[in-house]
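Colleague: next comes the sequence, and after it the predicted model I'd like to discuss.
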Amino acid sequence: MEPLTQYEVRPLDVLMLSILVLYLGFYLNRKIRLLSEYYIPPAVTGGLVCSAIVAVIYGVADLEISFDMQIRDVLLLVFFSTIGLSAKLRTLAAGGKALAILVAVAAVLLILQNSTGVLLATAFGAHPGYGLMGGSISFAGGHGTSIAWGSEAEAAGLEGAGAIGIAFATFGLIAGGLLGGPVARRLIQSNHLEPDPAAAAATAGTGPVTGDGRAGELFNILTAILVLAVCVALGDSVNRFLFDKGVLLPGFLTAMAVGIAITNLSDVFDFEIHPVTIGKFGEVALNLFLAMSLMSMQLWSLATAFGPILVVLMAQMLVITFVAVFVVFRVMGRDYDASVISAGFVGLGLGATPVAIANMDAVTSRFGPSPKAFLVVPLVGAFFVDILNAVIIKFFIGFMTF
């Protein structure tokens, strides 16, 4: 048997390919009515096609294609920096009640996810610890949490827990991107919802530009690049400092915190950061990040445990759909904002914060803006879910022996 040939795609080639993948996603979404009707993000459409092609090449030509993801990691920091730069303290205060409610609902979801995972693991005759890997560790936690807890579980004797967690996180990423749009579509159409006219008016256009319009646009772009670079660089410095002090935080969290500080200090010193330009940078970073994440999935590595994974995935999709439709939508006010938040909550609960944003972006690009959703959901995903998840996982571990 001939040895497997391996080929790694370089960072700049990954960037070029991810843009082509997005073009493919836009094209397929236009041509396939089902995709556009259910607001599937183009990055999900194109990324899945690309990963399927890579899997076919692996199976037919014995060629394993991998991707250098250095640029993707930077894009994640840029994206969360734009989230921080849009978080004015006065706006945060206005969304305080909705934020608190959604955090409480997120805690309920984490408990339901772990309960579902443990029950299914017991039904399959497996150790309950594998159920946690098929619960909030992988779905709400994503790949990073799966890797971290998988290492702990394997050290305690759960063989292959890390690989199982990554498999669940991968399928959850796909499901989160595919399910959020249809949930919002059902809620919007069945309740005849429309965006708030005031929100639509506030976000329409780019506002007046003084002097030469092209020069003003260039100035705004350069300012945005500078500010985003400061967020990423200073966030990394803060993260290193905290690491030396024994405090472990994800890099995107410190980048977002720096963005929050900068945007609120800019008001004090009367320094304008153009929100539309920042928003465009965030949109680009998000779509490229998601395209890179999905196109680089090694689907062949998930084939061996496909059956049990599919059962757990379907159960968790039912759980998140029930919570989004019958809990999140109602407690968030049963209005248009609530429907967009529900779509984001699906992405948050099954995949990751970027998936949640992509879901909401796909919905709002069709129906209209929802500033409340884009404020509350990223904050829940970035600040609170990981903290809640760690506490709830420890609680469940207290009832079992690893």
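Modeller: Right, received. Where do you want to start? Numbering: from 1, shown residues only.
Colleague: where do the strands sit along this structure?
Modeller: Counting by DSSP state E, residue ranges of the strands within the chain are 5-9, 63-67.
Colleague: pick the most buried one from these.
Modeller: Compared across these, strand 63-67 shows the largest average neighbour count, a mean of 17 (mean count of other C-beta atoms under 10 Å). C-beta: built from backbone N, CA, C; applies to glycine.
Colleague: any stretches of the stretch 301-402 of the chain with poor pLDDT?
Modeller: 301-305, 382-383, 400-402 (pLDDT under 70).
Colleague: all helices for it, in order.
Modeller: 306-323, 329-331, 336-350, 353-367, 371-379, 385-397 (DSSP state H, counting those that start in this stretch).
Colleague: please identify the most buried of those.
Modeller: Greatest burial across the helices of the stretch 301-402 of the chain, using mean count of other C-beta under 10 Å, falls to helix 336-350, with a mean of 31.
Colleague: so which other helices or strands are in contact with it?
Modeller: helix 96-123, helix 161-191, helix 306-323, helix 329-331, helix 353-367, helix 371-379 (3 or more C-beta pairs under 8 Å, 6 or more residues apart in numbering; DSSP states H and E).
Colleague: what helices and strands are in contact with the longest one?
Modeller: In this structure, helix 161-191 makes packing contacts with helix 42-61, helix 128-133, helix 142-155, helix 275-295, helix 306-323, helix 336-350, helix 353-367, judged by 3+ C-beta pairs under 8 Å, 6+ apart.
Colleague: how about the fourth one?
Modeller: In terms of contacts (3+ C-beta pairs under 8 Å, 6+ apart), helix 329-331 is packed against helix 96-123, helix 336-350.
Colleague: between helix 371-379 and the first one, find me the angle.
Modeller: By that I understand helix 96-123. Relative orientation of helix 96-123 and helix 371-379, computed by axes from the mean of the first three to the mean of the last three C-alpha atoms, to 10 degrees: 50 degrees.
Colleague: what mean pLDDT does helix 96-123 have?
Modeller: What helix 96-123 shows for mean pLDDT is 91.
Colleague: can you offset everything so residue one is 711?
Modeller: Got it, first residue is 711 now, which makes that one helix 806-833.
Colleague: which parts of it are buried?
Modeller: Residues of helix 806-833 classed as buried: 808-809, 811-813, 815-817, 819-824, 826-828, 830-831 (neighbour count, 16 or more other C-beta atoms under 10 Å).
Colleague: how far does that helix sit from its chain's centre?
Modeller: Centroid displacement of helix 806-833 relative to its chain, using C-alpha atoms, centre = their mean, to the nearest Å, is 17 Å.
Colleague: so can I have TSV of the strands of the chain showing mean pLDDT and distance to residue 1054?
Modeller: As requested, these are arranged in TSV below (pLDDT from 0 to 100; distance: least, C-beta to C-beta, whole Å):
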stretch	mean pLDDT	distance to residue 1054
strand 715-719	90	31
strand 773-777	92	27
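Colleague: which of those sits closest to residue 859?
Modeller: Within the strands of the chain, the stretch nearest residue 859 is strand 773-777; the backing value is 24.2 Å (C-beta to C-beta).
Colleague: could you check the angle helix 752-771 makes with the closest one?
Modeller: Going by the same axes, to 10 degrees, strand 773-777 makes 150 degrees with helix 752-771.
Colleague: which neighbouring elements make contact with strand 773-777?
Modeller: strand 715-719, helix 752-771.
Colleague: how about residues contacting it?
Modeller: Contacts to strand 773-777, defined as C-beta atoms under 8 Å, 6 or more residues apart in numbering, come from residues 714-719, 724, 764, 767-768, 1002, 1005-1006, 1008.
Colleague: and residue 950, which of the helices and strands packed on helix 1046-1060 is closest to it?
Modeller: helix 1063-1077 (22.6 Å).
Colleague: check the offset of the closest one from the chain's centre.
Modeller: Helix 1063-1077 sits 10 Å away from the centroid of its parent chain (C-alpha atoms, centre = their mean).
Colleague: show me what it is packed against.
Modeller: Judged by 3+ C-beta pairs under 8 Å, 6+ apart, helix 1063-1077 is in contact with helix 780-795, helix 871-901, helix 985-1005, helix 1046-1060, helix 1081-1089.
Colleague: pLDDT of the first one, averaged?
Modeller: For helix 780-795, the mean pLDDT works out to 86.
Colleague: which strands or helices does it pack on?
Modeller: In this structure, helix 780-795 packs against helix 721-741, helix 923-954, helix 961-978, helix 985-1005, helix 1063-1077, with contacts taken as 3+ C-beta pairs under 8 Å, 6+ apart.
Colleague: can I get it in CSV, CA atoms only?
Modeller: The C-alpha coordinates for helix 780-795 follow below in CSV (Å, rounded to 0.1, in the frame of the first residue of the first chain):
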residue,chain,number,x,y,z
GLN,A,780,-2.6,31.5,10.9
ILE,A,781,-4.7,34.1,9.0
ARG,A,782,-8.0,32.6,10.3
ASP,A,783,-6.8,33.0,13.9
VAL,A,784,-6.0,36.7,13.2
LEU,A,785,-9.4,37.1,11.6
LEU,A,786,-11.1,35.9,14.7
LEU,A,787,-9.3,38.5,16.8
VAL,A,788,-10.3,41.2,14.2
PHE,A,789,-13.9,40.1,14.3
PHE,A,790,-14.2,40.3,18.1
SER,A,791,-12.4,43.6,18.1
THR,A,792,-15.1,45.0,15.8
ILE,A,793,-17.7,43.6,18.3
GLY,A,794,-15.9,45.5,21.1
LEU,A,795,-15.7,48.7,19.1
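Colleague: show me what contacts the spatially closest residue to residue 1102 that is not a sequence neighbour?
Modeller: Of all residues not flanking residue 1102 in the chain, residue 820 sits nearest, at 4.7 Å (C-beta to C-beta, 6 or more residues apart in numbering). Residues in contact with residue 820 (C-beta under 8 Å, 6+ apart) are 845-846, 850, 1095, 1098-1099, 1102.
Colleague: make JSON lines out of the strands of the chain and add distance to residue 741.
Modeller: As requested, the strands of the chain are exported to JSON lines (distance: least, C-beta to C-beta, whole Å):
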{"stretch": "strand 715-719", "distance to residue 741": "27"}
{"stretch": "strand 773-777", "distance to residue 741": "26"}
